[in-house]
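the sequence and its predicted three-dimensional model are supplied below.
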Amino acid sequence: MPGTSDASKLKSKIYFITALGLLNILSFTLLFCSLGFISGITISIWQFPLACLLALAVNYFAAKYLFANSSNQVFLKTSAVIIAFVAGSIFLSGKFYDVSFDGQWYHMETVIQLKQGYNPAHQELPIPADEIWGNDFPVFCNGLIKPIPVSAKSGTPRVNLKYLNINNLDKGTEVIEAAIYGLTNRIETAKAVNVIMLLATLMLCVSALSRINPSGPFKNWALAALFAFNPITLVQLNSFCVDGNVACSIVCLFAIACMLFIDVNRYFLFALASAITLAVTLKYTNLVYVVICLAGFLLTLIIYKKKEIFKKTLVAGAISVMTGVLCCGYHPYVTNYLRHRNIFYGLHDTRDEIKLLTPHLFLHLNRFETLFLSLTSRTGWYSADKSSAWQVPKIPFTFTMDDIHNASDTMLKLSGMGPFFSGVLLVTLILLTVLLIRFRKNNIIKYALMAILVIFATIAIVPDPWWARFVPQLWLFPLIVLLAAEFVSFRGVRLLKGILYLSLVMSVAWGMMAIVFNVFSTARVNYQMAQLKALHQPVRMIYCRFESFKSNRIRFAEDGIPVTDKEPVTPNLYNVEASNTVFETSVPLPDLPKPYLLRLSERIKAKK
């Protein structure tokens, strides 16, 4: 096993400073916006640039602290990388459309409302009259060129979940997205938050692995990429959904904890505070995840008698959790308590909606049984139609073309980490068994077991772990075992490690297919926008009364396509691409030359 050389330590510090800058840009943006909300100031163009400047200022002092003789050079180089990462993330994100359901339904609408002056600390948005629905309103079939009215799904809750989410649930990611949108005035650029968070996670992982240096530079980068490139994160990368950021935030906490365990210093603690402050505002469940992860790390420090690190981590953790909840999370935690006497207001109604979406087969099973069935099933909804639980599991590592195409679904319900993940878990369990039999007294194995227990504790509290996006941290289980195996030497372990590396790479490749599918979706949207612009006429948009995608209006506005409020009078009705919104034109859409990507997409779709 390679030792931790001075060169490795030096690289670790450089990677850390890069990650610190990226992480602080997000947390400082959230902090400035949240303080503004409390003070009555809404989203404007200044919050994100100011956060970037302050993050670089912190990096200047971090470089001074970590590098005695070359601090200015390190600061300038890492600052250039950070600026390039942020600018590149904004540019690339603006080139692709979010075609996810939840992203278009309420996440993007939240970003739009925040940019247009909504202050969640002091107001609740009224539900528009045309979006008040019950159980009997007609809806449009999603994805049809000429939509057919059908009955709303049975048992639809009377609460308007869209505005419940906008008014009462966490929106840390959306606030930062709104700050970027306020600066660029292009809604799709706001998705850069996902890319920046992913890059910060990658850099933190490389920094931590370079510090402990289990296998040399190449494997350090390979392991870091596997830790960061969670399939949930990749599938949601080009969307406004937030589960991928939840996954990244948990990985960040583990990476920072690893570095603190080795060597506590003020900037590692600063990174911990920044990550926690950001993490607790992403989702209600993530607040609980953070508390469990922090408690698990503190318990580990007590067991191994690292009293000084324990004291500093406890103080930094407590202050950052309170800052995250009371300041950056003033909305929703404080506002929900003041308005409804319940800091988790709205959670009950969202649970009711999840119950409606739960496969009938799962309704009478406990959470662990449903998790097992979901992990061992095929992707998508196919396995939900089985009459018996015994019919659900598939042979590990087998897949169909439907499993590949399902990578395009950001809300994938069953086997949401891909068709290879059941095989990943099987190999992981075999490898873990070997490690426990032969190396159970090794401290590395003990550390790994503590980390695994923390991961399983965060999963055990989730009522619906069968839906993978609710438990993206499960991805860490095989990686923690794989990392522990890098510290031991045994022929059987080497073989199992190779199989596990390959199967994890296959799962990552499946997740990256979502990016490919999004490229094709973007080509279809661009073609439709080109058709509309070629008309040089206003269009009439018709929003579904149930689960309205009104955020689509911004897509039309940014492309300079005028929209009218006239009632539809022609048969020229079309669906907005990848949406349940309909528009009407006075004449049929023109046939324009189709770009190569669109033709390729149509050929693939025809073969499906």
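Everything's here; your move.

for the rest of this, base every contact and every neighbour count on C-alpha atoms.
OK.

can you pull the buried residues of stretch 33-52?
33-38, 41-45, 47-48, 51-52 (16 or more other C-alpha atoms under 10 Å).

which ones among these lie within helices?
33-38, 47-48, 51-52 (DSSP state H).

quick check: the farthest pair among the residues you listed?
Ile38 and Cys52 (21.4 Å; C-alpha to C-alpha).

and the pLDDT for the spatially closest residue to Lys191 that is not a sequence neighbour?
In space, and not counting its chain neighbours, Lys191 is closest to Ser93: 5.7 Å by C-alpha to C-alpha, 6 or more residues apart in numbering. For Ser93, the model assigns a pLDDT of 97.

next, the contact list for Ser93, please.
Residues counted as contacts of Ser93 (C-alpha atoms under 8 Å, 6 or more residues apart in numbering) are 188-192, 238.

can you rerun that using 7 Å?
Applying C-alpha atoms under 7 Å, 6 or more residues apart in numbering, we find Ser93 in contact with 188-189, 191-192, 238.

do the same with Asn168
Contacts of Asn168 (C-alpha under 7 Å, 6+ apart): 332, 336, 345-346.

could you check how far it is from Arg339?
Going from Asn168 to Arg339 by C-alpha to C-alpha, to the nearest Å gives 10 Å.

again, but for Val325
In terms of C-alpha to C-alpha, Val325 sits 16 Å off from Arg339.

higher neighbour count, those two?
Comparing Val325 with Arg339 by other C-alpha atoms under 10 Å, the one with more neighbours is Val325, at 21 against 11.

that one against His331, yeah?
No: with contact defined as C-alpha atoms under 7 Å, Val325 does not count as touching His331 (8.4 Å).

which two of the buried residues of stretch 33-52 have the greatest separation?
Ile38 and Cys52 (21.4 Å).

sorry, back to before: in the contacts of Asn168, which has the lowest confidence score?
Gly346 (91).

now that one: how far from Ile302?
Taking C-alpha to C-alpha, one finds Gly346 at 37 Å from Ile302.

neighbour-wise, which of the two wins?
Between Gly346 and Ile302, counted using other C-alpha under 10 Å, the more crowded position is Gly346 (18 against 14).

show me the contacts for that one.
With C-alpha under 7 Å, 6+ apart, Gly346 has these contacts: 164, 168-169.

filter these down to the ones in helices?
164, 168.

how about the contacts of Gly346 in TSV, adding distance to Ala530 and pLDDT?
Listed next are these as TSV, based on distance: C-alpha to C-alpha, whole Å; pLDDT from 0 to 100:
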residue	distance to Ala530	pLDDT
Leu164	35	93
Asn168	38	95
Leu169	36	95
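
can you count the residues close to the residue nearest to Trp467 when sequence neighbours are not counted?
Among residues not flanking Trp467 along the chain, Lys413 sits closest, at 4.9 Å (C-alpha to C-alpha, 6+ apart). Neighbour count for Lys413, taken as other C-alpha under 10 Å: 21.

now Lys413: how far from Ala448?
29 Å.

do Ile90 as well
37 Å.

okay, those two: which has more neighbours?
It is Ile90, of Ile90 and Ala448, that has more neighbours when counted by other C-alpha under 10 Å, with 23 against 20.

contacts only, for the more buried one.
189, 192.

any idea which helix or strand carries it?
Element membership for Ile90 (DSSP states H and E) is helix 71-93.

what comes into contact with the following helix or strand past that helix?
Later in the chain than helix 71-93, the nearest helix or strand by DSSP H and E is helix 101-102. With C-alpha under 7 Å, 6+ apart as the test, helix 101-102 has contacts from Cys241.

ok, 10 Å please
Contact partners of helix 101-102, identified using C-alpha atoms under 10 Å, 6 or more residues apart in numbering, comprise 107-109, 142, 162, 239-242, 409-411, 547, 549, 578-580.

next secondary structure element downstream of it?
Assigned by DSSP H and E, the successor of helix 101-102 is helix 108-115.

what mean pLDDT does that next one have?
97.

same for that helix, what does it pack against?
helix 161-168, helix 172-184, helix 552-558 (3 or more C-alpha pairs under 10 Å, 6 or more residues apart in numbering; DSSP states H and E).

hmm, 8 Å instead?
Applying 3 or more C-alpha pairs under 8 Å, 6 or more residues apart in numbering; DSSP states H and E, one finds that helix 108-115 contacts helix 172-184.

what's the next secondary structure element after the helix it packs on?
The element immediately downstream of helix 172-184 (helix or strand, assigned by DSSP H and E) is helix 192-212.

how far is that following helix from where the chain is centred?
14 Å (C-alpha atoms, centre = their mean, to the nearest Å).

kindly export the helix or strand just after that helix (C-alpha atoms) in PDB.
Using DSSP H and E, the helix or strand that follows helix 192-212 in sequence is helix 217-228. What follows is helix 217-228, C-alpha atoms only, in PDB (Å, rounded to 0.1, in the frame of the first residue of the first chain):
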ATOM      1  CA  PRO A 217      -3.000   8.900  -7.800                       C
ATOM      2  CA  PHE A 218      -4.900   7.000 -10.600                       C
ATOM      3  CA  LYS A 219      -7.000   4.900  -8.300                       C
ATOM      4  CA  ASN A 220      -7.600   7.900  -6.000                       C
ATOM      5  CA  TRP A 221      -9.200   9.800  -8.900                       C
ATOM      6  CA  ALA A 222     -11.100   6.600 -10.000                       C
ATOM      7  CA  LEU A 223     -12.500   6.100  -6.500                       C
ATOM      8  CA  ALA A 224     -13.300   9.800  -6.100                       C
ATOM      9  CA  ALA A 225     -15.200   9.800  -9.400                       C
ATOM     10  CA  LEU A 226     -17.200   6.700  -8.300                       C
ATOM     11  CA  PHE A 227     -18.000   8.400  -4.900                       C
ATOM     12  CA  ALA A 228     -19.200  11.600  -6.600                       C
END
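
going forward can the numbers begin at 823, since that is how I track them
With 823 as the first residue, the last one maps to helix 1039-1050.

helix 1039-1050: how far from the chain's middle?
With C-alpha atoms, centre = their mean, you get 20 Å for helix 1039-1050.

what's the answer for stretch 1089-1097, then?
Worked out by C-alpha atoms, centre = their mean, stretch 1089-1097 lies 20 Å from the chain centre.

for that stretch, buried residues please.
1089-1097.

could you pull out the strands in this protein for me?
Secondary structure of the chain by DSSP state E: the strands cover 961-962, 971-972, 1361-1364, 1385-1386, 1395-1397, 1404-1406.

comparing those by mean pLDDT, which bottoms out?
Among the strands of the chain, strand 971-972 scores lowest, at a mean of 44.

and the angle from the helix holding Ile912 to helix 1014-1034?
On the basis of axes from the mean of the first three to the mean of the last three C-alpha atoms, to 10 degrees, helix 893-915 is oriented at 140 degrees to helix 1014-1034.

got the angle between helix 893-915 and helix 994-1006?
Using the same axes, to 10 degrees, helix 893-915 lies at 90 degrees relative to helix 994-1006.

so who does Ile1176 touch?
Ile1176 touches nothing, counting by C-alpha under 8 Å, 6+ apart.

measure it to Leu1169 for me?
On the measure of C-alpha to C-alpha, Ile1176 and Leu1169 end up 11 Å apart.

give me the number of residues near the closest residue to Asn846 other than its chain neighbours?
Spatially, and ignoring its direct neighbours in sequence, Asn846 is nearest to Ala877 (5.4 Å; C-alpha to C-alpha, 6+ apart). Ala877 has 23 neighbouring residues, counting by other C-alpha under 10 Å.

wait, Ala877 sits on Phe850?
Yes: in this structure, Ala877 is within contact of Phe850 by C-alpha atoms under 8 Å, at 7.4 Å.
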